[in-house]
Structure formats: C-alpha cells, structure tokens
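[1] fold the stuff below for me.
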Amino acid sequence: MPDRDAAAWTWLRARLGALRPVPRPETDAAPSPGGGTAVVTDSAAALPAEWVAAFSGDGRLTVIPMPVMVGEEIYGEGEDDITETISLALATGKSVKTSRPSPGQFEQAFVAAERRGYQAVVSLHISGGLSGTADAARLAAGRVGIPVEVIDSGTVGMAQGMGVQAAVLAAAEGQDAAAVRALAEEQLARTKVYFYVPSLEQLRRGGRIGAAASLLGTMLAIKPILAVEDGKIVPLEKVRSAARAVARLEEIAAADAASRPDGQVRLAVHHFGNPAEAEGLAARLAAALPNIPPAQISSLPAVLAAHAGLGVLAVIVGETGPLAQPEDLPGLSP
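    Modelled structure (predicted):
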C-alpha cells in the first residue's frame with residue numbers, strides 16, 4: 001500500500017502552499033535570492049515525498065540517502081526502490097546492514113548550498129546513539145566556507161522529520177541559522193517514539209540492543225514495547241503476546257497524545273511489511289482520540305527497517321508548534 005498523507009496534515013498543507021515559491025524556471029537553478037539558511041538531513045527522517053519535493057527545488061532542503069547493504073550489494077535510499085529487496089532479505093535471513101553516509105556526501109550538499117547563495121546550513125540527523133551520521137556531517141562542516149550547525153536529533157523516523165520540518169519552515173520564513181536550530185531543537189524535544197517489533201533479533205544483529213536481551217526475549221517469547229530516549233532504544237514494557245503488545249503500544253501512545261495541549265497534537269504511524277496492521281492501529285487511535293487529527297501512515301525508511309525488521313509498528317507523538325501567517329512570509333507567494 002502506498003504511503004499517504006492523512007487529514008491530520010491539513011494545517012501542514014496550508015503552510016506548504018504559503019511557503020512554496022512561485023516557480024520561475026529561468027531562475028530556479030540560480031543562487032537563492034536573499035541568501036538565508038538551508039537545511040540538510042538524512043533519509044532516516046522519513047519525510048513525506050511531497051515535502052521533500054516542495055523544498056528541495058531551490059536547495060532549501062537536501063536529504064542525504066543512507067546506504068543499506070543487502071548481502072554484498074549497496075543500495076542508496078531515495079535513489080533505489082529497495083523496499084521489496086529488504087523485505088525479501090529479512091524474510092529469508094539474508095544479511096542486511098546499514099552505514100552512515102560519507103563526509104564527502106555532506107560536503108557536496110554544503111557546498112551546493114553555498115553556491116546557491118545560502119549563508120548558513122542547519123544539518124539535522126538521526127540519533128548519534130544509533131548512527132555516526134552526525135559525526136560525518138561534522139567532519140564535512142569544517143571543509144566549507146559557510147557556517148554549518150550540526151544537530152544530533154536524538155531520535156529517528158518522523159520524530160526526526162518533525163524537527164526537520166520545523167527547521168525548514170523557520171528557514172523559509174527568513175529566520176537565521178541560530179533561530180532555525182533553536183526551533184528545530186524545541187520541536188524535537190516535544191516528540192516521542194514508541195514502537196513494537198515481533199522479534200529482537202534484527203536489533204541485536206545491528207548492535208542496537210544487547211545479545212542477552214535478545215536471547216531472553218526469544219526464550220520467553222517476550223514482546224517488548226520500546227522507545228527512543230536520550231538517543232538510544234530502551235525498553236518500556238515486556239508483554240507476553242503480540243496482540244497485547246500492539247494494544248499496549250496503542251494505549252501508551254494515546255495517553256501521551258491526550259496529555260498534550262489541545263489542538264497541537266500530531267501523530268504518525270510507521271510500519272514495515274504490515275500496512276494493514278498500521279491502518280488498524282491508526283484507526284483505533286483516531287477513535288480513541290476524536291479531537292486529534294488522524295495519523296499519517298508510512299512505511300519505515302529502509303535504513304530503519306533494516307534494524308527493526310518485518311512487522312514493526314511505531315507511533316510518533318509530536319506537536320504542531322507555532323504557525324506563522326502567510327502575510328508574515330516576505331517574498332513567498334501563497
């Protein structure tokens with residue numbers, strides 16, 4: 001089933017229209033008028049394709065693909081259609097590994113932003129506790145002629161993506177790099193990731209949990225509810241059945257969402273290889289939270305699916321943050 005945007009993102013679509021520049025084919029490849037701040041991230045952010053397309057044309061947003069290795073073959077997420085390849089590899093027990101992008105990829109992105117006329121870059125990436133991606137960006141930052149602010153998001157998936165969106169919107173509104181960074185970090189601080197995996201084996205293989213925890217979970221048929229805290233994967237609860245694990249995931253996410261400020265909650269649901277389960281989970285969350293827009297549903301990026309494995313379900317709980325009015329966005333046409 002293809003990824004889809006839910007009605008939850010009506011506000012985001014409105015802002016997208018307000019922020020998207022009027023196309024000017026003869027100048028789109030020229031340096032960015034007025035300079036400003038560009039944003040760089042990686043494909044672990046799970047950004048909707050519409051978002052990437054809207055802001056990448058003039059270099060405001062660049063997404064660096066994270067490599068995934070299936071057997072001896074290396075695939076670049078966003079460059080190759082690798083979902084089916086990874087699904088088959090995971091189902092058959094074939095080796096699936098990931099790697100950070102090279103510093104050279106980041107250097108190219110930063111130089112491209114400089115050549116377009118941007119005065120600074122905010123580079124926001126997957127948790128340093130799960131990947132060395134932010135380190136690669138830092139290595140590249142010292143090689144370019146404009147300042148680069150590198151942010152370790154401390155999280156993954158659309159939790160990271162929400163921070164990227166906050167950064168891009170702030171940059172498009174004309175905020176300087178320091179303000180863009182601050183707003184992104186504020187958004188990241190308001191997001192939580194909760195998830196369930198049918199098996200801990202793939203997380204063990206990738207070094208994201210210890211071998212003892214994986215063995216214990218397998219022997220006792222434990223189905224853990226996990227979260228990302230302080231940049232690392234941590235257990236929240238241990239449940240004895242898959243059905244109960246999914247139910248607890250729903251309860252935990254719903255309780256978190258219900259505790260947030262009225263009218264500001266955003267939800268996202270990730271899956272890999274089990275879209276029907278994700279649809280069902282999102283539908284139950286919508287029924288439990290009638291005053292909150294339905295969740296966006298999307299497949300996990302390949303770089304995350306490679307570690308979580310088939311059958312993962314994740315819920316991201318975040319907030320919308322402050323919304324600027326279109327008339328406050330000089331130089332941008334609604």
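[2] per-residue pLDDT, residue 246?
    In this model, residue 246 is scored at 95, pLDDT.
[3] hmm, it is touching residue 278, no?
    No - contact criterion C-beta atoms under 8 Å: residue 246 and residue 278 do not qualify, at 10.3 Å. Where you see a C-beta, it was placed from the backbone N, CA and C, and this is true even at glycine.
[4] overlap in contacts of these two?
    residue 313 (C-beta atoms under 8 Å, 6 or more residues apart in numbering).
[5] the more surrounded of those two?
    Legend: neighbour count by other C-beta atoms under 10 Å for residue 246 and residue 278, higher for residue 278 (23 against 20).
[6] where does the residue most central in space within the chain fall, phi/psi-wise?
    For the chain, residue 45 is the residue whose C-alpha lies nearest the centre (C-alpha atoms, centre = their mean; 2.1 Å). Note on residue 45: backbone dihedrals following degrees, to the nearest 10 are phi -70, psi -10.
[7] which residues touch it?
    63, 124, 126, 157-158, 160-161, 164, 301.
[8] please repeat the previous calculation with a cut-off of 7 Å.
    160-161, 164 (C-beta atoms under 7 Å, 6 or more residues apart in numbering).
[9] so what pLDDT did it get?
    Per-residue pLDDT puts residue 45 at 95.
[10] for residue 287, see how far away it is.
    Distance, residue 45 to residue 287, by C-beta to C-beta, to the nearest Å: 29 Å.
[11] likewise for residue 236?
    23 Å.
[12] which one's more surrounded, these two?
    residue 236 (16 against 10).
[13] secondary structure element for the more buried one, which one?
    Mapping residue 236 onto the secondary structure by DSSP states H and E places it in strand 232-239.
[14] which element follows that strand toward the C-terminus?
    In N-to-C order, the element after strand 232-239 by DSSP H and E is helix 242-258.
[15] please enumerate the strands of the protein.
    Along the chain, counting by DSSP state E, strands occupy 37-42, 61-64, 67-70, 73-76, 96-98, 120-125, 148-152, 192-196, 223-229, 232-239, 265-271, 296-299, 313-319.
[16] where along the stretch 101-250 of the chain do the helices fall?
    103-115, 133-141, 157-172, 177-189, 201-205, 211-219, 242-258 (DSSP state H, counting those that start in this stretch).
[17] what lies in contact with the second one?
    Helix 133-141 has contacts (C-beta under 7 Å, 6+ apart) with 42, 66, 100-103, 106-107, 110, 123, 125-126, 128, 148, 150, 152.
[18] pull out the buried residues from the residues you listed.
    Neighbour-count burial (16 or more other C-beta atoms under 10 Å) is assigned, among the contacts of helix 133-141, to 42, 66, 100-101, 103, 106-107, 110, 123, 125-126, 128, 148, 150, 152.
[19] tell me the domain ranges of this structure?
    7-190, 192-319 (automatic domain parsing).
[20] what's near enough to touch the nearest residue to residue 183 once chain neighbours are set aside?
    Using C-beta to C-beta, 6 or more residues apart in numbering and skipping residues adjacent in sequence, the residue nearest residue 183 is residue 170, 4.5 Å away. Counting by C-beta under 7 Å, 6+ apart, residue 170 touches 179-180, 183.
[21] let me know the closest of those residues to residue 38.
    Lowest distance from residue 38 to the contacts of residue 170 (C-beta to C-beta) belongs to residue 180, with 9.6 Å.
[22] so that closest one makes contact with residue 123?
    No - look at residue 180 against residue 123 with C-beta atoms under 7 Å: they stay out of range, at 10.8 Å.
[23] quick one: contacts for residue 74?
    If you count contacts by C-beta under 7 Å, 6+ apart, then residue 74 has residue 67 around it.
[24] thinking again about what came up before, just put the contacts of residue 170 in JSON lines and tack on neighbour count.
    What follows is these, written out as JSON lines (neighbours: other C-beta atoms under 10 Å):
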{"residue": "179", "neighbour count": "16"}
{"residue": "180", "neighbour count": "29"}
{"residue": "183", "neighbour count": "21"}
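[25] for the residues you listed, which one is nearest residue 70?
    Looking across these and measuring by C-beta to C-beta, the closest to residue 70 is residue 180, at 35.8 Å.
[26] do you know how far the closest one is from residue 267?
    Distance of residue 180 to residue 267, computed by C-beta to C-beta: 25 Å.
[27] for residue 297, same thing?
    For residue 297, the distance to residue 267 equals 10 Å [C-beta to C-beta].
[28] do the same with residue 226
    18 Å.
[29] and what of residue 92?
    33 Å.
[30] higher neighbour count, these two?
    More crowded of residue 92 and residue 267, by other C-beta under 10 Å: residue 267, with 25 against 7.
[31] test my guess that the more buried one contacts residue 317.
    Yes - with contact defined as C-beta under 7 Å, residue 267 counts as touching residue 317 (6.2 Å).
[32] list residues touching both of these two?
    residue 257.
[33] how about residue 120: what's its closest non-neighbour residue?
    residue 177 (3.7 Å).
[34] can you check residue 256 too?
    In space, residue 256 is closest to residue 317, 4.7 Å off (C-beta to C-beta, 6+ apart).
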